[in-house]
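K.L.:
What shape does this take:
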Amino acid sequence: MGRSRLYLFVAIVGSFSLTFVTGQDDVSPNGGLRPNAQQIEKLCKDRSDDEYFRLLIDGDCRDVVRCDRAGLTGVIRLAAVRCPAALAFDIFKQTCDWKGRVSNCDKLEKPRKVLPNLVTDEPVCPTGKLQCGNGECIEKALFCDDKTDCSDGSDENSCTVETDPNRAPECDPAQCVLPDCYCSPDGTRIPGNLEATNVPQMVTITFNGAINIDNVDLYSDIFNGARMNPNGCPVKGTFFSSHKYTNYSAVQELHRQGHEIASFSITNKDNPSYWTEGTYDDWLAEMAGNRLIIERFANIKDGSVIGVRAPFLRIGGNKQFEMMADQSFVYDASITAPLGRVPLWPYTLYYRMPHKCHGNAQNCPSRSHPIWEMVMNELDRREDPTFDESLPGCHMVSSCSSIQTGDQFEKLLNHNFNRHFSTNRAPLGLHFHASWLKSKKEFREALIKFIEEKTARGDVYFVTMLQVIQWMQNPTELTGLRDFQDWKEKCDVKGQPYCNFPNTCPLTTRELPGKLGFEMFRCENESFSHLNAQHWTS
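P.N.:
Residues are numbered from 1 along each chain as shown. Below is the predicted model:
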């Protein structure tokens, strides 16, 4: 008998080189080790599909594998990953990093956690209790509450969307009804059960980060007040604003023009683990604290700052969403849905997410929360979807690494528009960092051309995140949108800018005592000159 046939599929995922191996690999990417089907099954027992591990500790620390159960044949495969040269795989962080920063090349796998015995053939605990990994029985409600109750800690070790014993129930359309609740089993159902041809194709343009002199010219160019939706209102965008370096007079002007301002944190810390592992109080300080600053310094007093996006899209699990509910935030816009044939509509988190926890360091909320999720459908980055092989999707436009020219960007915009428009017309999200759009003039020109072409159709609206929710709460056919009052509230921009002469506040930092850190521009009358930068960024 000869060796089983090798099935080899190669793709590029971010900075990884990814190879799928089934059966026995004639050319192993892991130092010549060739596990057979029985060995693969043993390696993958009780191991999640998103965990990377090493087969060998020899070599240059670049090679890892993970278990893949998504094949059409049902056979478990090992997906072999190789980090680029000069990088090594950090087994604890589960990502490629510079070799000098990786100190666990001698570890085959990340530490294994003791799991509870949640599924047993016969009941092993009294009613209302579940078994810890060591055999103890504790109340079901104590599992996955961020407090260790089992002596072996196992009650906090199986808390994903699929395994949390107290997870949100699956969608029940009979109980989850608009305007307060919306779900569908696979996330693709159109609100109000309208026919797709009668539904407006909504497009949301969002920006993340500080709003200041580096990007206000870009925003003024895109949203110039002359590009109109079919109802006669100017196209709108949503700005997830972080505190440091933000010019609050510019924030106030965007708000006056009818754009939506939302919270992107105070610090925008560049450590992804800070967000994934953040406590309730961390999220409270970062997001609710940032909203207080926006409302005070930008003089926004109408309670319209109701949305949150997590930096790096590293959501904070149930703690983040508990904070959001307590602080009366309405929606989150950080969870990504994997690229699929039909995009997903936003949903509320009273019921279980209708898709896998994709990316986000696998820290999606597992419990029920009274929060809307403005899910980020991944974009299809292929230039020609008819012929090109499948590629992983991208959530931020700037993460679509295949875009190098304005023509390529234009193709991406139109292809993804058609994918939404020709199926269920779920809102198309175009999420940007301003620096990417400013990096090449042709990128800005392609986006403006796209806006002008689509608004001329009569069935496409560029709206804010809140306006999407307003439409979903009251699904209205295309023919009635000219008089749709929720979209008329921010239609007419009246008066003059409130901050022609903003208050300036010179700020210092501990790192440069006696030196000017930067100037903050505020749109309020009270004096905050006694506050320094550290007060607002610590």
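
K.L.:
buried stuff in the one helix or strand Glu41 maps to?
P.N.:
Using DSSP states H and E, Glu41 sits in helix 37-44. Residues Ile40, Leu43, Cys44 are the ones in helix 37-44 that count as buried (16 or more other CB atoms under 10 Å). Where you see a C-beta, it was placed from the backbone N, CA and C, and this is true even at glycine.

K.L.:
next one: stretch 200-213
P.N.:
Those would be 200-212, for stretch 200-213 by 16+ other CB under 10 Å.

K.L.:
Need those in a markdown table (columns: secondary structure and distance to Asp221).
P.N.:
Below are those laid out as a markdown table (DSSP: H, G, I helix; E, B strand; the rest coil; distance: CB to CB, whole Å):
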| residue | secondary structure | distance to Asp221 |
| --- | --- | --- |
| Pro200 | coil | 25 |
| Gln201 | strand | 23 |
| Met202 | strand | 22 |
| Val203 | strand | 17 |
| Thr204 | strand | 19 |
| Ile205 | strand | 13 |
| Thr206 | strand | 17 |
| Phe207 | strand | 13 |
| Asn208 | strand | 18 |
| Gly209 | coil | 17 |
| Ala210 | coil | 18 |
| Ile211 | coil | 15 |
| Asn212 | coil | 16 |
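
K.L.:
I'd like to know which of those is nearest to Pro475.
P.N.:
Of all these, Pro475 sits closest to Pro200, with 10.0 Å by CB to CB.

K.L.:
what's the closest non-adjacent residue to that closest one?
P.N.:
Tyr461 (5.0 Å; CB to CB, 6 or more residues apart in numbering).

K.L.:
wait, what's in contact with that neighbour?
P.N.:
For Tyr461, the contact set (CB atoms under 8 Å, 6 or more residues apart in numbering) comprises Pro200, Gln201, Met202, Val203, Asn229, Pro230, Asn231, Thr455, Gln467, Leu481, Trp487.

K.L.:
Pull up the pairing partners for the helix or strand containing it, direction included.
P.N.:
Using DSSP H and E, the element containing Tyr461 is strand 460-462. Note on strand 460-462: by DSSP bridges, its sheet partners are strand 201-208 (parallel).

K.L.:
what mean pLDDT does the partner strand have?
P.N.:
Strand 201-208 carries an average pLDDT of 99.

K.L.:
do stretch 341-354 as well
P.N.:
98.

K.L.:
Hmm, Arg291 is touching Ser263, no?
P.N.:
Yes. Using CB atoms under 8 Å, Arg291 makes contact with Ser263 at a distance of 5.0 Å.

K.L.:
what about the two, which has more around it?
P.N.:
Legend: neighbour count by other CB atoms under 10 Å for Arg291 and Ser263, higher for Ser263 (27 against 24).

K.L.:
Nearest residue to the middle of this protein?
P.N.:
Relative to the mean C-alpha position of the chain, the nearest C-alpha, by CA atoms, centre = their mean, is the one of Ser334, at 2.9 Å.

K.L.:
residues touching that one, list them.
P.N.:
Contacts of Ser334 by CB under 8 Å, 6+ apart are Val308, Arg309, Ala310, Leu313, Arg314, Ile315, Asn360, Met376.

K.L.:
Quick check: neighbours shared by Arg291 and Ser263?
P.N.:
Val305.

K.L.:
Without its sequence neighbours, what residue ends up closest to Gly317?
P.N.:
Per CB to CB, 6+ apart, closest to Gly317 is Asn363, 4.5 Å.

K.L.:
got it, and Met374?
P.N.:
Of all residues beyond its chain neighbours, the one nearest Met374 is Ala333 (4.1 Å), with distances taken as CB to CB, 6+ apart.

K.L.:
Could you measure from the one you found over to Asp63?
P.N.:
As judged by CB to CB, to the nearest Å, Ala333 and Asp63 stand 36 Å apart.

K.L.:
Same check on Ser366?
P.N.:
32 Å.

K.L.:
ok, of the buried residues of stretch 200-213, which one's closest to Ile403?
P.N.:
Of the buried residues of stretch 200-213, the one sitting nearest to Ile403 (CB to CB) turns out to be Ile205, at 16.1 Å.

K.L.:
could you measure that closest one against Phe239, distance?
P.N.:
Relative to Phe239, Ile205 is positioned 10 Å away (CB to CB).

K.L.:
Low-confidence stretches in the protein?
P.N.:
1-34, 70-74, 360, 386-389, 496-538 (pLDDT under 70).

K.L.:
In the record's domain split, what are the boundaries for it?
P.N.:
7-101, 113-167, 201-484, 503-537 (automatic domain parsing).

K.L.:
Report the separation between the residue nearest to Gly317 and His395.
P.N.:
For Asn363, the distance to His395 - CB to CB - is 15 Å.

K.L.:
now do Asp50
P.N.:
17 Å.

K.L.:
more crowded one of those two?
P.N.:
His395 (23 against 15).

K.L.:
I'd guessed the more buried one sits against Ala333; true?
P.N.:
No. Assessed by CB under 8 Å, His395 is found out of contact with Ala333, at 10.7 Å.

K.L.:
quick one: common contacting residues for these two?
P.N.:
Met376.

K.L.:
Quick check: chain neighbours aside, which residue is closest to Leu142?
P.N.:
Asp149 (4.3 Å).

K.L.:
That neighbour against Ile138, yeah?
P.N.:
Yes. Judged on CB under 8 Å, Asp149 makes contact with Ile138 at a distance of 5.2 Å.

K.L.:
Which one's more surrounded, those two?
P.N.:
Ile138 (19 against 16).

K.L.:
List the contacts of the more buried one.
P.N.:
Neighbours of Ile138 in contact, by CB under 8 Å, 6+ apart: Lys129, Leu130, Cys132, Asp149, Cys150, Asp155.

K.L.:
count of neighbours near the fifth one?
P.N.:
Summarising burial for Cys150: neighbours were counted as other CB under 10 Å, giving 22.

K.L.:
That one and Gln131: what is the separation?
P.N.:
Counting by CB to CB, the gap from Cys150 to Gln131 is 9 Å.
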